[in-house]
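Student: here is my input; please provide its structure:
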Amino acid sequence: MTRPLHSLSIQVRPRVHIGLLSMHAGAPRMNGGIGFSVEAPMARLDMCAAERIEIRDNRSIPMGTDEQAQLIKAIAQFADMHRISRGIQIEITGAMRTHVGMGSATALRLGSIEGLAKLRGLQITRDALIRASGRGGTSGIGINSYFEGGMICDLGRAADGARHAPSSITLPAHPPLALPMVEMPPWPTLLCVPRTIAPKSQVEEIAFFSRTVPLPAPASFKACYIALFGLYAAVRERDYAAFCDGIDAMQDTDWKRAERTEYGDVLSGISTTLREHGADCIGMSSLGPMLFCFAPAQRMPSLITVAHALDCDSYLTVPANHGREVIYDDA
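Tutor: Residues are numbered from 1 along each chain as shown. Here you go, the predicted structure:
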């Protein structure tokens, strides 16, 4: 135990999820993935002790009612586990988007639980916080990038006979196994969220998994090869051209192609136009609809103009090699 606090803040960053890897039947390990953290757009959780659990999402596009209920439930379960009798008031601000592929559900849940632990003076390990969050059942990218940023290559979890399913309904017995984090070079990155494409609901995500997996084994082998020998190696060697080749190659894997097909010609058209105006590579994060692209800094103003003309919200950023920031207001 440490000294309880009255208030504190935690700033969390988005993560870009490039793709899932082991999505075939009969594999020794399932899921896995590769992705990286970016500096912006961030969300800030301002937290203080309260009599009950209260969430105020003051972002311009707040989380939905169901998402907020799931967050409150996770906080309440953590409080019960550690015999915390009082609650917490959380105010969420910032431009980090929810349910478009930025990993906000994982980041906000980990931030809320860690904030409650720190307010009560509890010393909780990283693994314990991850378990309490209930996240990471499908992908280990967000639960690791929350703490350390960088590029994360996740080797998934031991196959236990369970079906592949999204993280929102998968409770892992053990956190997925990740390779050591690799620091990303400061390559300019543009995030594009199409305003005309509605994000997938949790029900739609579950239905997508049900009709898409299992994939043929060679599809997983291809995705794993691109992740390790293409992307992970390229970042280690700071090889921008090889990294871009890996991003593009991942879009042509069975799993990522199925995800992108969900949005049809609209998403494809945005990608094509961004490429024509100077993007060196373009990918879709998670189940989208957020796209991300890389290009030299001098081309970014033109790409931002194009993104706005395509009716996309855009965020110019760079990869982040550090995790969340804890701000002790009582210090």
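
Student: any weak-confidence spans in the protein?
Tutor: 1, 165-173, 330-331 (pLDDT under 70).

Student: ok, the spatially most central residue of it - contacts?
Tutor: Centroid-nearest residue in the chain: Gly103, 2.7 Å away (criterion: C-alpha atoms, centre = their mean). Residues in contact with Gly103 (C-beta atoms under 8 Å, 6 or more residues apart in numbering) are Pro14, Arg15, His17, Ile141, Gly142, Ser145, Ser286. Placement of C-beta: from N, CA and C, glycine included.

Student: quick one: which two of those residues are the most distant?
Tutor: Ser145 and Ser286 (12.7 Å; C-beta to C-beta).

Student: for Gly35, give me its contacts.
Tutor: Arg15, Val16, His17, Ile18, Ser139, Ile141, Gly142, Ser145, Met151, Ile152, Ser285.

Student: so the third one makes contact with Ile141?
Tutor: Yes - using C-beta atoms under 8 Å, His17 is in contact with Ile141, at 5.3 Å.

Student: out of those two, which sits in the busier spot?
Tutor: Ile141 (31 against 27; other C-beta atoms under 10 Å).

Student: find the nearest non-adjacent residue to that one, please.
Tutor: In space, and not counting its chain neighbours, Ile141 is closest to Gly35: 3.9 Å by C-beta to C-beta, 6 or more residues apart in numbering.

Student: same check on Ser268?
Tutor: Arg260 (7.3 Å).

Student: near that neighbour, how many other residues are there?
Tutor: Neighbour tally, Arg260, other C-beta under 10 Å: 20.

Student: measure it to Arg299 for me?
Tutor: Arg260 sits 23 Å away from Arg299, taking C-beta to C-beta, to the nearest Å as the criterion.

Student: can you check Ile152 too?
Tutor: Going from Ile152 to Arg299 by C-beta to C-beta gives 27 Å.

Student: also Ala69?
Tutor: Using C-beta to C-beta, we find Ala69 at a distance of 43 Å from Arg299.

Student: those two: which is more packed in?
Tutor: Per other C-beta under 10 Å, whichever of Ala69 and Arg299 has more neighbours is Arg299, with 17 against 12.

Student: quick check: closest non-adjacent residue to that one.
Tutor: Arg299's closest residue in space is Gly278 (C-beta to C-beta, 6+ apart), at 4.1 Å.

Student: pretty sure the one you found sits in a strand.
Tutor: No - according to DSSP: H, G, I helix; E, B strand; the rest coil, Gly278 belongs to no strand; its state is coil.

Student: just checking, Met42 touches Ala95?
Tutor: Yes - between Met42 and Ala95 there is a contact under C-beta under 8 Å: 7.2 Å.

Student: what about these two, which has more around it?
Tutor: When Met42 and Ala95 are compared for neighbours, Met42 comes out ahead with 19 against 14, by other C-beta under 10 Å.

Student: which residues touch Asp313?
Tutor: Residues counted as contacts of Asp313 (C-beta under 8 Å, 6+ apart) are Arg97, Cys192, Val193, Arg195.

Student: please check the residues you listed and keep the buried ones.
Tutor: Buried subset of those (neighbour count, 16 or more other C-beta atoms under 10 Å): Arg97, Cys192, Val193.

Student: quick one: which of the residues you listed sit in strands?
Tutor: Among those, the members falling in strands (DSSP state E) are Cys192, Val193.

Student: nearest to Tyr232, of the buried ones among the contacts of Asp313?
Tutor: Among those, Cys192 lies closest to Tyr232 (C-beta to C-beta), at 24.5 Å.

Student: hey, what's that closest one bridged with?
Tutor: Beta-bridge pairing of Cys192 under DSSP bridges involves Leu291, Ser314.

Student: Pro176 in helix, strand or coil?
Tutor: Classification of Pro176 by three-state DSSP places it in coil.

Student: got a list of what the closest residue in space to it that isn't next to it in sequence touches?
Tutor: In this structure, Pro176 finds its nearest non-sequential neighbour in Gly140, 3.4 Å apart by C-beta to C-beta, 6+ apart. Counting by C-beta under 8 Å, 6+ apart, Gly140 makes contact with Gly32, Gly33, Ile152, Asp154, Gly156, Pro175, Pro176, Leu177, Ala178.

Student: who are the contact partners of the closest residue to Val306 other than its chain neighbours?
Tutor: Excluding the flanking residues, the one nearest Val306 by C-beta to C-beta, 6+ apart is His277, at 4.7 Å. By C-beta under 8 Å, 6+ apart, the residues touching His277 are Arg299, Ser302, Leu303, Val306.

Student: I am finished for the moment; much appreciated.
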